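[1] sequence and predicted structure below; questions after.
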Amino acid sequence: AFTPSPNNEAAFVTQSAANRIDYPNNYKIAKRRLPLCMVLSNAPTPNTKYPTLRGTEVDIRKIIPPSNVEAVRLSHILFASEDLARESLQNLKSANTQFEELARLLSNCELTREKGGEIGWINTNIIATDTTVAVDGNDDDDDYLNELLPRDARIQLLEQYLKPGDVIMLETVRGHHLIKIQDVMLNVRKLASKRNRKSVPTFDLRDKTYVIETMGCQMNTSDSERIEGQLISLGMRALDETKGESKSQADVVLLNTCSIRDHAEQKVYSYIGPHAKRKREGEEVMIIVAGCVAQQEGEQLLRRAPEVDLVMGPQYANRISDLLEDVSNGNQVVATEASHVMEDSTKPRRGSTVAAWVNVIYGCNERCTYCIVPTTRGVEQSRPVESILQEVQELVHDGYKEVTLLGQNIDAYGRDMVPKRKFSDLLRAVGSVPGLKRLRFVTSHPKYMSMGVVDAVAETPAACLNFHVPFQSGSNEVLHNMGRGYTREKFLKIVDRIRSKLPDASITADVIVGFPGETEEQFQETLDLMNEVVFDSINTAAYSPRPNTPAADWENQIADDVKGDRLRRINVLNLEHAAKRRARMLGRTVEILVEERNVKVPTQVMGRTTHGYLVYCDGDIDELRGKLVHVEIEKCQTYYLAGSIVDAPPDDDDG
């Protein structure tokens, strides 16, 4: 066993002279930042229940014990020299250095070098078997794995707290390995709680129709696409209202919920009410509640709506097929435990053929006093760089022209990884994918947004000139009470950096009015900040208390009529600024990416500028969808522009 010293700059776990795991020399050892994969399995088992009353633990390795892991997918690079292994580990901090490329260039392992170091999935039942017995009883598989990574080293590795994306150093009789944790599979059916309903017949999902209703943010939209990909893989088909099929007749009804706004829970119960009535009247219908309200309510949702079959948090979006197996056998299932977010085993059913969402980081480690996200979406989990790049490359291959990188706190990307990564490096790497025309990202956090991100956008041709940076309030005292971790002055420095490097860029934001204790003077500070910046648009909201958040219990709540008045006043200013920012486009020729038909005027198409402005113009959607065209702006409205195509040059790859 290993007990780290607070003064150690390099840490080692040693079990034998032949096997050793270590981490970067400059990885500082501090109690709250100790990489948990260094802690052996005899450490106390962490509490896996989630959500909790917020809590302070933000390391997913600490929340999920190794006993819940079913399998791990690994890649490795084999070195003869420890110095070269360490140097390569340092190089991997940059998103521009890919693990697979290094493996092909440098690995001494002839069996995996041409495959980019891929070892594959290793089942954790190796830990429970005798060293003379092969995994799953297959001597050939075990012999093959022993050639790549000796058995005792695999056991040592699997006993650690592991997280996808981590790269660690391991010494064996073969030499010095860099081991990358590509993916981690949990036994989600074991994690979920279930109640057997003996009177309910089994439910065959093949050829059944489904309908998905999505509430809330872009993350929920992306999750719904991943869920739909899973449902299709099970042999189901989307209900088609154009053929006379009604939502009230769907075999499977799935509501992907949002808990940000007030009355979110009541909206869920109102929506599922008619479908619960169908079930009570004897119809064979499966009801699924997913997303943030599902995570928030958990078992309580089943108590209030016993007709619901499956309650699952957003972390299970691409594992729904596993959960539905139990549901189909007559069980009610609740899946809200913490989980590693696995890579997709099926392709998401994209809502567009032109622009796609790509998740890069899940969850949020912040503890803003008004926000429920940390208790519904869990702690931060960054996806491996290689997985993100592979998804983007596949999207471009499939004809997509634009990608939006998603994260609740996207600037935190990579800080949870070993070694750590930077979001600015990821931006450059994704922006360099051949054939990608446009790259966007949301949402930035002023506390973490580095000036390097602004520089990366300026230096990456595919990156769009649009920054979404929520400021939430213009008052330092209110920001402090919100727990935002930055000041008005820090936010304005970010704006200055954007305007100095990219003067034509658009800046959008979020703001809350009527936060507990907000005075009229503090509200005026918010209006003053808006006048100083002049945002392109702002998502405005009056504060509403959310469950499991500190501010909900404060006694200094603002009266609803005061919140309503402040919301009205801030919206007036927001509309004024939005119109002013778009008015500057009059007479300019802008490039838009055509996405879809204008639903109100079928002879027009709709696209967006690099700033994110909506533009309408005459055109044939069947000819122009996915094309970059030039439009002369002839009309500027508050939230859209209109004009005429002056040319429609072909894309480079269209000849």
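    On my side now, so go ahead.
[2] only the buried residues of stretch 493-508, if you could.
    Ile494, Val495, Arg497, Ile498, Leu502, Ala505, Ser506, Ile507, Thr508 (16 or more other Cβ atoms under 10 Å). Any C-beta I mention is one placed from the backbone N, CA and C, and that applies to glycine too.
[3] now stretch 313-325
    Gly313, Pro314, Gln315, Tyr316, Ala317, Asn318, Arg319, Ile320, Ser321, Asp322, Leu323, Leu324.
[4] and for stretch 426-441?
    Those would be 426-431, 433, 435-441, for stretch 426-441 by 16+ other Cβ under 10 Å.
[5] next, count neighbours for Thr242.
    If you count neighbours by other Cβ atoms under 10 Å, Thr242 ends up with 5.
[6] go on, Lys115?
    15.
[7] against His76, how distant is it?
    Using Cβ to Cβ, to the nearest Å, one obtains 11 Å as the distance from Lys115 to His76.
[8] got it, and Arg367?
    Distance, Arg367 to His76, by Cβ to Cβ: 37 Å.
[9] between the two, which has more neighbouring residues?
    His76 (23 against 16).
[10] from the chain's centre, how far out does stretch 558-578 sit?
    31 Å (Cα atoms, centre = their mean, to the nearest Å).
[11] kindly report the same for stretch 608-627.
    So, by Cα atoms, centre = their mean, the centroid of stretch 608-627 is 27 Å from its chain's centroid.
[12] compute the first-to-last residue distance for it.
    With Cα to Cα, to the nearest Å as the measure, stretch 608-627 spans 11 Å from end to end.
[13] let me know the average pLDDT across that stretch.
    Average pLDDT, stretch 608-627: 97.
[14] which parts of it are buried?
    Applying 16+ other Cβ under 10 Å to stretch 608-627 flags 608-617, 619, 621, 624-627 as buried.
[15] and what of stretch 223-233?
    Asp223, Ser224, Glu225, Arg226, Ile227, Glu228, Gly229, Gln230, Leu231, Ile232.
[16] now do stretch 445-459
    The neighbour-count check on stretch 445-459 (16+ other Cβ under 10 Å) flags His445, Pro446, Lys447, Tyr448, Met449, Val453, Val454, Asp455, Ala456, Val457 as buried.
[17] quick one: distance of it to the chain centre.
    That offset, for stretch 445-459, works out to 19 Å (Cα atoms, centre = their mean).
[18] confirm for me that Glu245 is in contact with Thr209.
    Yes. Glu245 lies in contact with Thr209 (Cβ atoms under 8 Å); the separation is 6.8 Å.
[19] overlap in contacts of these two?
    Leu239 (Cβ atoms under 8 Å, 6 or more residues apart in numbering).
[20] packing partners of the longest helix seen in the chain?
    When the chain is parsed with DSSP state H, its longest helix is helix 560-583. Helix 560-583 makes packing contacts with strand 506-513, helix 520-533, strand 537-542, strand 628-636 when contacts are defined by 3 or more Cβ pairs under 8 Å, 6 or more residues apart in numbering; DSSP states H and E.
[21] most packed of these?
    Comparing the helices and strands packed on helix 560-583 by mean neighbour count (mean count of other Cβ atoms under 10 Å), strand 506-513 comes out on top with a mean of 22.
[22] who does that one touch, helix- and strand-wise?
    Strand 506-513 packs on strand 466-468, helix 520-533, strand 537-542, helix 560-583, going by 3+ Cβ pairs under 8 Å, 6+ apart.
[23] what residues of the longest one count as buried?
    This means helix 560-583. Lys563, Asp565, Arg566, Leu567, Ile570, Leu573, Asn574, His577, Ala578, Arg581, Arg582.
[24] wait, isn't the third one in contact with Gly514?
    If I follow you right, that is Arg566. Yes. With contact defined as Cβ under 8 Å, Arg566 and Gly514 form a contacting pair (5.7 Å).
[25] rewinding a little: so of the buried residues of stretch 426-441, which ones are in helices?
    Using DSSP H, the buried residues of stretch 426-441 in helices are Leu426, Leu427, Arg428, Ala429, Val430, Gly431.
[26] could I get those residues as a markdown table with distance to Tyr400?
    As requested, these are arranged in a markdown table below (distance: Cβ to Cβ, whole Å):
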| residue | distance to Tyr400 |
| --- | --- |
| Leu426 | 18 |
| Leu427 | 18 |
| Arg428 | 19 |
| Ala429 | 17 |
| Val430 | 13 |
| Gly431 | 14 |
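[27] of those, which is the nearest to Lys420?
    Leu426 (11.9 Å; Cβ to Cβ).
[28] check contacts around that closest one.
    Ala95, Val360, Val385, Ile388, Leu405, Tyr413, Gly414.
[29] where does the last one land on pLDDT?
    It stands for Gly414. 94.
[30] which one is it nearest to, not counting chain neighbours?
    Arg421 (2.8 Å; Cβ to Cβ, 6 or more residues apart in numbering).
[31] next one: the first one
    If you skip the residues right next to it in sequence, Ala95 has Asp425 as its closest partner in space, 3.7 Å away by Cβ to Cβ, 6+ apart.
[32] wait, isn't that neighbour in contact with Leu92?
    No. The criterion here is Cβ under 8 Å, and Asp425 misses it with Leu92 at 10.8 Å.
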